[in-house]
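*Asks:* Sequence first, predicted model second:
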Amino acid sequence: MTKSVSVASLTAFCINALTRVGMSTSDAETTASALVTTDAMGVFTHGTKLLAGYLKKLQGGGYRATAVPRIEREGPAWAIIDGESALGQVGSHFAMRTAMSKARNVGIAYVGMKNTGHIGAAGYFCAMAAREGLIGMVTGNDIPSVAAPGSRGAVLGSNPIAYGIPVGNGDPIVLDMATAAVAGGKIYAALQRSEPIPSSWLIDLDGNPTSDGTLYPDRAALAPMAGHKGYGFGLWCEILSAILPGGLMTWQVGSWIFDDPSLPSGHNASFIAIDVAAMTSLTQFDLRLKRLIDEIHAVPAAMGVERVLLPGEREWNLHRRALLEGIVLPEDVADKLAQAAAMTGLKSPVGV
């Protein structure tokens, strides 16, 4: 049985829960917007399902409710930010805003952020830049959970890479993907729903594909997306996110889910912003991009497919529907919201 909740009530619940563990209203609103928008787009592994885990980490002190991310060092087109173990959504909002501001001055900017919390949906912050006319890119790193081609164990995290492209008055093009064959959260979700998983998702400790989701994460690693190609992109994310800004890398990063809640996780991320207007005519960019979009939409579609979609197009359609009709939440997300409610003395926004 699925659960439906309005965007407004789910957002209010998240804000109330976060402020009850000591976050400012502003930071709680920033975090709630990222989580609820992600749910509204149908990406339930990175939406409000994460809230209970974040609350546990905030209550334990591993994530600091009152932390203020700060610029440690900077130049005209770059900055290194210490996230101060704030929630990743708080740090990422600050980091992308910093990158956007610098890009408006010099055309393009890189911001590396170390010592932050789990950042959630990287694409949310790319869309934030794209809504204001900038191209955005975000990468992140995580504790290793993904095998490399030929390995018998995890080598890199399911390091995300995302981009957002402004589309005139339309919704941004947004791609947000793990560099694993699938995000680890989807393994947990499948197990919670008693759903089978394909053997292409996991690699066991002998280096062989397996469809036994119960082996993850202790006795199996995620397969890399597209084999050596995903492995290469995962390495790129590690370098941009952790190596360049001087943050923790690979096994130095903690597990925000399984570690003692008093311990920081030490996640890292990178943010790149490109000011389109600094490099070309916005009018020409919009016209050329529209031509490309029209070409893609005009490609003959396979039987049963209405048309070929752009990255993010399906999700924005779901988002618009959610604003009007509410978000239909899977059972596992509703259960996690009930946990969050119990942890903060609130009533769950959905009946469980």
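*Replies:* Okay, I see it. Numbers count the residues shown, from 1 in each chain.
*Asks:* The residue nearest to residue 312 when sequence neighbours are not counted in helix, strand or coil?
*Replies:* Nearest non-adjacent residue to residue 312, counting by CB to CB, 6 or more residues apart in numbering: residue 174, 3.5 Å away. Any C-beta I mention is one placed from the backbone N, CA and C, and that applies to glycine too. The local conformation at residue 174, judged by DSSP: H, G, I helix; E, B strand; the rest coil, is strand.
*Asks:* Could you tell me how many residues sit around residue 317?
*Replies:* For residue 317, the count of nearby residues is 14 (other CB atoms under 10 Å).
*Asks:* oh sorry, the question was meant for residue 186
*Replies:* Residues lying near residue 186 (other CB under 10 Å) number 20.
*Asks:* Check residue 309 too.
*Replies:* The tally of other residues near residue 309 (other CB under 10 Å) stands at 14.
*Asks:* before we move on, what about the one 4 residues further on?
*Replies:* Neighbour count of residue 313, defined by other CB under 10 Å: 19.
*Asks:* For the closest residue to residue 198 other than its chain neighbours, give me its contacts.
*Replies:* The shortest distance from residue 198 to any non-neighbouring residue, by CB to CB, 6+ apart, is to residue 211 (6.4 Å). The contact partners of residue 211, by CB atoms under 8 Å, 6 or more residues apart in numbering, come to 196, 197, 198, 199, 201, 202.
*Asks:* Buried subset of the residues you listed as a PyMOL selection?
*Replies:* In PyMOL, a selection of the buried entries from those looks like this (16 or more other CB atoms under 10 Å):
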select buried, resi 197+201+202
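*Asks:* Can you add distance to residue 283 and give the contacts of residue 211 back as a markdown table?
*Replies:* Formatted as a markdown table, those follow (distance: CB to CB, whole Å):
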| residue | distance to residue 283 |
| --- | --- |
| 196 | 50 |
| 197 | 47 |
| 198 | 46 |
| 199 | 50 |
| 201 | 45 |
| 202 | 48 |
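*Asks:* Let me know the closest of the contacts of residue 211 to residue 277.
*Replies:* Using CB to CB, residue 201 is the member of the contacts of residue 211 that lies nearest residue 277, at 41.8 Å.
*Asks:* sorry, back to before: backbone phi and psi for the residue nearest to residue 198, please?
*Replies:* For residue 211, the backbone dihedrals (degrees, to the nearest 10) come out as phi -110, psi 10.
*Asks:* re earlier: how many other residues sit next to the residue nearest to residue 312?
*Replies:* Burial of residue 174, expressed as a neighbour count using other CB under 10 Å, amounts to 25.
*Asks:* One more: residue 8?
*Replies:* With other CB under 10 Å as criterion, residue 8 counts 12.
*Asks:* And it, which helix or strand is it part of?
*Replies:* helix 7-20 (DSSP states H and E).
*Asks:* which parts of that helix are buried?
*Replies:* For helix 7-20, burial by neighbour count (16+ other CB under 10 Å) applies to 7, 10, 11, 13, 14, 15, 16, 17, 18, 19, 20.
*Asks:* what does stretch 121-139 give?
*Replies:* Of the residues in stretch 121-139, 121-130, 133-139 count as buried by neighbour count, 16+ other CB under 10 Å.
*Asks:* Show me where the stretch 201-350 of the chain has its strands.
*Replies:* 202-204, 209-210, 220-222, 267-275, 327-329 (DSSP state E, counting those that start in this stretch).
*Asks:* quick one: the fourth one to chain centroid distance?
*Replies:* When you say that, I think you mean strand 267-275. Offset of strand 267-275 from its chain centre (CA atoms, centre = their mean, to the nearest Å): 13 Å.
*Asks:* quick revisit: where strands are concerned, which of the buried residues of stretch 121-139 count?
*Replies:* 134, 135, 136, 137, 138, 139 (DSSP state E).
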